[in-house]
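*Asks:* Predicted model follows, preceded by the sequence.
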Amino acid sequence: MRIGKNLKKFLLFTVALFFAATLFIKVTKIYNFFGINRADTPEKVVALTYDDGPYPPYTNQLLDILDRYGVKATFFEIGRNIEKHPEIVPMIITRGDELANHSYSHKDMMFKPNDFLVSEIEKTDKLLKELGVKQDSISFRPPWGRRFVVLSYLLSQMHKKLIMWDVDSQDYESTHTAEDIANRVIDNVRSGSIVVMHDGGGDRSKTVAATETIVKTLQSKGYAFKTVSELLK
């Protein structure tokens, strides 16, 4: 009799666990559908990401700093800039950093027709692959992070990750100093954070200076740096 009761409890527990796991998977899929902001991990790991490149000399300077400290980052590239500076893409690949897609023309992707959205993504994918990017699925981040459900659906059909961020450096604010940018990142980062900065779109010398401070400070606090793909594994 006691065995029967215990078996019933075990079966009820198993069923409850199954439904809880199913619910978790569904919630995770919905969350990822609208964009991944950070990795759920207890490890002190961070992903630095840079938008709007390639854009010399700032992309080159950032690569040098990252190399100096043994750090890898993810660069979300604009197709038009790749066409202007194609030599930088193989340089990023050789150094072991990750390349990702930031659209072709950097136009707002809200409420745009499907053909436009697909073209913006596929043209930049093609450029990246022609220059040596090997991964089958290249992650995507829309300009300014602006997206609508149609874009999320298209990316899911293309088996692409929609990568957002949970720490905004605000390095695009002209009034911010390099110290402001660095402090904003250092004060807000946590385990699994994805940090957004910019290596293109204007003078990024403050971002370059801030990056060195960010890396040195976070390393001293025990943080390691990974590309977005490595972080999400």
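*Replies:* Good, I have the coordinates.
*Asks:* In the protein, mark out all the strands, start to finish.
*Replies:* Counting by DSSP state E, the chain has these strands, from start to end: 45-53, 74-77, 98-101, 167-168, 193-198, 224-225.
*Asks:* mind giving me the domain ranges of this protein?
*Replies:* Following the assignment in automatic domain parsing, the chain carries domains at 1-33, 38-232.
*Asks:* just those domains: most buried one?
*Replies:* domain 38-232 (a mean of 18; mean count of other CB atoms under 10 Å). Any C-beta I mention is one placed from the backbone N, CA and C, and that applies to glycine too.
*Asks:* Now it: average pLDDT?
*Replies:* For domain 38-232, the mean pLDDT works out to 97.
*Asks:* Span of it from start to end?
*Replies:* Length of domain 38-232, first residue to last, CA to CA, to the nearest Å: 8 Å.
*Asks:* still on that earlier bit, tell me which of the strands of the chain lies nearest to residue 126.
*Replies:* Smallest distance to residue 126 across the strands of the chain (CB to CB): 10.2 Å, for strand 98-101.
*Asks:* chain center to that closest one, what's the gap?
*Replies:* 9 Å (CA atoms, centre = their mean, to the nearest Å).
*Asks:* what does it rub up against?
*Replies:* 49, 72-77, 89, 92-93, 121, 124-125, 128, 133, 138-141, 160, 163, 227-230 (CB atoms under 8 Å, 6 or more residues apart in numbering).
*Asks:* Beta-bridge partners for the residue nearest the centre of the chain, please?
*Replies:* Among the residues of the chain, the one closest to the centroid is residue 163, at 4.5 Å (CA atoms, centre = their mean). With DSSP bridges as the criterion, residue 163 is bridged to residue 36.
*Asks:* doesn't residue 231 make contact with it?
*Replies:* No. Taking CB atoms under 8 Å as the definition, residue 163 is not a contact partner of residue 231, at 9.8 Å.
*Asks:* list residues touching both of the two?
*Replies:* Shared contacts of residue 163 and residue 231, counting by CB under 8 Å, 6+ apart, come down to residue 194.
*Asks:* Look up the residues forming beta bridges with residue 197.
*Replies:* residue 50.
*Asks:* which residues of this structure fall in helices?
*Replies:* In the chain, the helices defined using DSSP state H lie at 2-33, 58-68, 79-84, 88-94, 114-130, 149-157, 178-188, 205-220, 228-232.
*Asks:* what would the ones you listed look like in CSV with distance to residue 197?
*Replies:* Formatted as CSV, the helices of the chain follow (distance: least, CB to CB, whole Å):
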stretch, distance to residue 197
helix 2-33, 23
helix 58-68, 9
helix 79-84, 16
helix 88-94, 15
helix 114-130, 19
helix 149-157, 22
helix 178-188, 8
helix 205-220, 5
helix 228-232, 13
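*Asks:* and residue 51, what does it touch?
*Replies:* 76, 102, 141, 196, 197, 198, 199, 200, 201.
*Asks:* closest to residue 185 among the residues you listed?
*Replies:* For those, the closest approach to residue 185 (CB to CB) belongs to residue 197, at 7.8 Å.
*Asks:* Wait, residue 143 touches residue 112, no?
*Replies:* No. Look at residue 143 against residue 112 with CB under 8 Å: they stay out of range, at 11.1 Å.
*Asks:* State the distance from the residue nearest to the centre of the chain to residue 155.
*Replies:* Remark: distance between residue 163 and residue 155 (CB to CB, to the nearest Å) = 10 Å.
*Asks:* okay, and the common contacts of these two?
*Replies:* Joint contacts of residue 163 and residue 155 (CB under 8 Å, 6+ apart) are residue 140.
*Asks:* Residue 139 touches residue 160, doesn't it?
*Replies:* Yes. Under the criterion of CB under 8 Å, residue 139 makes contact with residue 160 at 6.5 Å.
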